[in-house]
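Enquirer: Using only what follows, build the 3D model:
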Amino acid sequence: MWKLLKKKNSYEQSKVTLTVDTALEEFSDMVYRIALNLAKHDADANDIFQDVFMRFMKYGIGKEFDSMGHAKHWFIRVTMNVYHTQVSKAKRRVEVEKGGIDTTLKEKKRDYSTVSDCVRALDEKYRIVIHLYYYESYKINEIALLLDENENTIKTRLARAKKMLKTKLKDELGGG
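Expert: The predicted model follows:
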């Protein structure tokens with residue numbers, strides 16, 4: 001009889017434990033770019049960046065990641081969670097300061113001097129998909145897993161975001 005050999009999972013051999021220096025070296029640029037893309041402002045992006053690495057120091061040191069890809073996913077997810085936490089805190093603060101009156105003004109037409117400015121002008125759900133697809137080179141199925149969404153939803157958001165960007169860029173360049 002044939003004896004089946006049980007394969008060792010390759011990821012068991014490639015477990016990764018990160019130090020702060022390694023995490024900063026590997027993921028700092030990516031975390032900052034995602035934070036800037038989400039928050040739209042340097043100061044907010046810096047706050048998010050700092051919070052992400054503080055969370056890493058609290059929860060990630062000593063944690064065994066299955067691979068560097070797993071660690072990258074962890075940093076992306078934490079960056080998005082920190083952003084959402086800051087947005088909800090800011091929203092509650094504005095509501096308390098203004099006595100519960102919603103004073104949010106619609107953003108007026110802006111000058112879009114670069115493609116990244118146009119991307120930042122998109123709604124969050126489109127910004128993050130564009131960023132992960134084009135800037136971080138994730139595939140649609142990976143983005144769907146990362147954002148916990150259906151692949152078709154991601155495809156639709158990506159197509160809509162491209163269409164919106166095309167329109168904005170045409171307007172900026174004078175219809176050309």
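
Enquirer: mind listing the strands in the protein by residue range?
Expert: Counting by DSSP state E, the segments of the chain that form strands are 16-17, 64-65.

Enquirer: Please name whichever of the ones you listed is nearest to Val31.
Expert: Nearest to Val31, of all the strands of the chain, is strand 64-65, at 15.3 Å by CB to CB. Where C-beta positions appear, they are placed from N, C-alpha and C, glycine not excepted.

Enquirer: Looking at the closest one now, give me its mean pLDDT.
Expert: For strand 64-65, mean pLDDT rounds to 88.

Enquirer: other SSEs contacting that strand?
Expert: Judged by 3 or more CB pairs under 8 Å, 6 or more residues apart in numbering; DSSP states H and E, the packing partners of strand 64-65 are strand 16-17.

Enquirer: ok, residues contacting the strand it packs on?
Expert: Residues outside strand 16-17 that contact it (CB atoms under 8 Å, 6 or more residues apart in numbering) are 62-68, 70-71.

Enquirer: mind putting these in a markdown table, neighbour count and distance to Asn81 included?
Expert: Below are the contacts of strand 16-17 laid out as a markdown table (neighbours: other CB atoms under 10 Å; distance: CB to CB, whole Å):
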| residue | neighbour count | distance to Asn81 |
| --- | --- | --- |
| Gly62 | 8 | 20 |
| Lys63 | 13 | 16 |
| Glu64 | 10 | 21 |
| Phe65 | 19 | 17 |
| Asp66 | 14 | 20 |
| Ser67 | 13 | 21 |
| Met68 | 14 | 20 |
| His70 | 15 | 16 |
| Ala71 | 22 | 16 |
